[in-house]
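Colleague: What follows is a predicted structure for the sequence shown.
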Amino acid sequence: MADDLRLGLNLGYWQRNADDATEVVLAAERLGYESVWTAEAYGSDAFTPLAWYGARTSRIKLGTSVAQLSARPPVTTAMTAMTLDHLTGGRLLLGVGASGPQVVEGWYGQPFAAPLARTREYVEIMRKVWRREEPVTSPGPHYPLPLPGGLGKPLKLITHPLRPEIPVYLGAEGPKNVALAAEIGQGWLPLFAFPEKIEAMYGDALSGAKPAFDVAAMVMVVVTDDLRAALDGVKMMLTLYIGGMGAKTRNFHADIIGRMGYAEQARRIQELYLAGRRDEAFAAIPDELADGIALLGPLGRIRERLELWRRSPVTTLLVMGPRDEPTLRAVRDLVLG
């Protein structure tokens with residue numbers, strides 16, 4: 001239970017030349033938001049926008065939500081993280097995640113095998129790089145260093161990191177992956193969080209977390225008098241994620257919705273979406289699901305629903321949606337008091 005929620009801003013993907021959120025980030029920093037986060041899938045990368053915003057700010061922390069493991073060898077992510085952390089005065093929060101087979105195999109051309117073991121090995125290598133205690137080696141099997149049978153030798157990072165320990169967050173949806181985040185990470189980045197259900201779904205997985213472990217939940221926030229329109233906006237997003245963001249036989253987003261108690265609905269939504277019946281897939285999403293994972297409606301309603309988040313294991317709200325200073329201020333006032 002977190003009586004004192006922290007507050008961050010999740011910008012999602014950088015999409016186009018006009019999508020420069022510098023003024024939004026500056027407003028968030030002025031208003032006391034603790035962090036700003038950017039994402040990647042198979043478009044913009046997560047690090048470049050953070051470097052852009054980091055050069056224009058001085059205090060707000062900078063998070064990746066999330067950098068995909070298969071996009072870069074672990075030493076490349078460690079080098080990028082170290083560089084950005086140095087340039088921004090130690091403000092980086094490094095969120096990483098395994099993604100799913102559709103992206104890993106289809107976009108990166110990498111096998112999607114043993115995501116838990118790969119994640120553990122990946123994080124171990126990054127930490128060896130940052131600590132700079134000795135030349136980096138790893139027995140593998142996923143990222144052996146040096147490459148067996150070749151001419152390589154163990155190497156040590158040339159640049160001294162500003163911090164030998166950069167906070168690592170895991171983007172995780174399954175209970176085993178959440179348990180891994182609690183074991184080896186400084187935080188967990190849940191994409192879909194239903195506050196009343198988190199304890200039942202992940203209580204055991206989170207039991208091994210350290211006291212300062214940060215559960216930084218991404219939450220769509222829409223301040224409006226038109227609750228119906230806000231619900232429909234969340235349902236449109238869920239239609240895509242449940243229906244099409246994953247392979248037919250392996251969709252982690254559909255799986256998590258099932259664990260929330262909507263397994264039959266998730267199966268039906270995916271079936272309709274893949275059949276091209278997207279309007280029906282949209283209609284099949286329960287309003288209570290869309291409402292449960294978001295904060296929607298007039299400020300008074302959002303204030304009431306915030307109590308559910310305060311009573312949950314969530315410690316940071318990463319709000320998605322607000323892009324103007326008055327709304328950012330109103331959300332700040334509700335969350336931080």
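Modeller: Arrived safely.
Colleague: shouldn't residue 309 be in contact with residue 6?
Modeller: No. Using CB atoms under 8 Å as the test, residue 309 is too far from residue 6 to be in contact (11.4 Å). No exception for glycine: its C-beta is placed from N, CA and C like everyone else's.
Colleague: Any stretches of the chain with poor pLDDT?
Modeller: Within the chain, the stretches with pLDDT under 70 are 1-3, 17-18, 246-247.
Colleague: quick one: the helices in it?
Modeller: For the chain, applying DSSP state H gives helices covering 22-31, 47-54, 74-87, 101-106, 115-131, 175-184, 198-206, 227-244, 252-257, 263-274, 278-283, 287-292, 299-310, 325-336.
Colleague: Just say which of these is most tucked in.
Modeller: The highest average neighbour count among the helices of the chain, using mean count of other CB atoms under 10 Å, belongs to helix 252-257 at a mean of 22.
Colleague: still on that earlier bit, find the residues that touch each one of residue 309 and residue 6.
Modeller: Common neighbours of residue 309 and residue 6, counting by CB atoms under 8 Å, 6 or more residues apart in numbering, are residue 317.
Colleague: Quick check: the gap between residue 136 and residue 307.
Modeller: Residue 136 sits 47 Å away from residue 307, going by CB to CB, to the nearest Å.
Colleague: Report the contact partners of the residue nearest the centre of the chain.
Modeller: In the chain, the centroid-proximal residue (CA atoms, centre = their mean) is residue 65; its distance is 3.6 Å. By CB under 8 Å, 6+ apart, residue 65 lies in contact with 10, 37-39, 46, 95, 169, 171, 189, 218, 318.
Colleague: how about the nearest residue to it, chain neighbours excluded?
Modeller: Leaving aside its sequence neighbours, residue 65 sits nearest to residue 37 (CB to CB, 6 or more residues apart in numbering; 4.0 Å).
Colleague: Can you name the residues that contact the one you found?
Modeller: 8-11, 62-65, 93, 95, 318.
Colleague: Likewise for residue 59?
Modeller: Residue 59 touches 29, 91, counting by CB under 8 Å, 6+ apart.
Colleague: So which of the contacts of residue 37 belong to strands?
Modeller: 8-11, 62-64, 93, 95, 318 (DSSP state E).
Colleague: rewinding a little: with respect to residue 254, which of the contacts of residue 37 is nearest?
Modeller: residue 65 (20.5 Å; CB to CB).
Colleague: The closest one and residue 117, how far apart?
Modeller: With CB to CB as the criterion, residue 65 and residue 117 are 23 Å apart.
Colleague: quick one, the longest strand along the chain and helix 325-336 angle?
Modeller: When the chain is parsed with DSSP E, its longest strand is strand 214-223. If you take axes from the mean of the first three to the mean of the last three CA atoms, to 10 degrees, strand 214-223 sits at 130 degrees to helix 325-336.
Colleague: Direction included, what does strand 214-223 pair up with?
Modeller: If you go by DSSP bridges, strand 214-223 pairs up with strand 187-188 (parallel), strand 294-297 (parallel), strand 316-320 (parallel).
Colleague: which stretch among the helices of the chain comes nearest residue 147?
Modeller: Once the helices of the chain are compared by CB to CB, helix 74-87 is nearest, at 12.1 Å.
Colleague: Please enumerate residues in contact with that closest one?
Modeller: 47, 50-51, 54-55, 62, 67, 69, 72, 91-92, 94, 96, 121-123, 125-126, 129-130, 136, 143, 145, 157, 159, 161-163, 166.
Colleague: relative to helix 47-54, how tilted is it?
Modeller: Using the same axes, to 10 degrees, helix 74-87 lies at 10 degrees relative to helix 47-54.
Colleague: Out of the contacts of residue 65, grab the one that's most surrounded.
Modeller: residue 189 (30 neighbours; other CB atoms under 10 Å).
Colleague: Can you name the residues that contact that residue?
Modeller: Residue 189 touches 65-66, 95, 97, 169-172, 216-218, 318, counting by CB under 8 Å, 6+ apart.
Colleague: distance of it from residue 95?
Modeller: According to CB to CB, residue 189 and residue 95 sit 5 Å apart.
Colleague: Now the common contact residues for these two.
Modeller: 65-66, 169-171.
Colleague: hmm, back to that, just give me the closest of the ones in strands among the contacts of residue 37 to residue 337.
Modeller: residue 8 (16.4 Å).
Colleague: Not including adjacent chain positions, what is the nearest residue to the closest one?
Modeller: residue 35 (3.8 Å).
Colleague: again with residue 196
Modeller: residue 308 (5.9 Å).
Colleague: about what we covered before: which one of the contacts of residue 65 is nearest to residue 254?
Modeller: The nearest one, if we look at those relative to residue 254 and count by CB to CB, is residue 171, at 16.5 Å.
Colleague: Quick one: residues contacting the closest one.
Modeller: Going by CB under 8 Å, 6+ apart, the list of residues near residue 171 reads 65-66, 95-98, 189, 191.
Colleague: Touching stretch 145-164 from outside, list them.
Modeller: Contacts of stretch 145-164 (CB under 8 Å, 6+ apart): 75, 78-79, 82-83, 85-86, 89-90, 125, 129-132, 134-138, 140.
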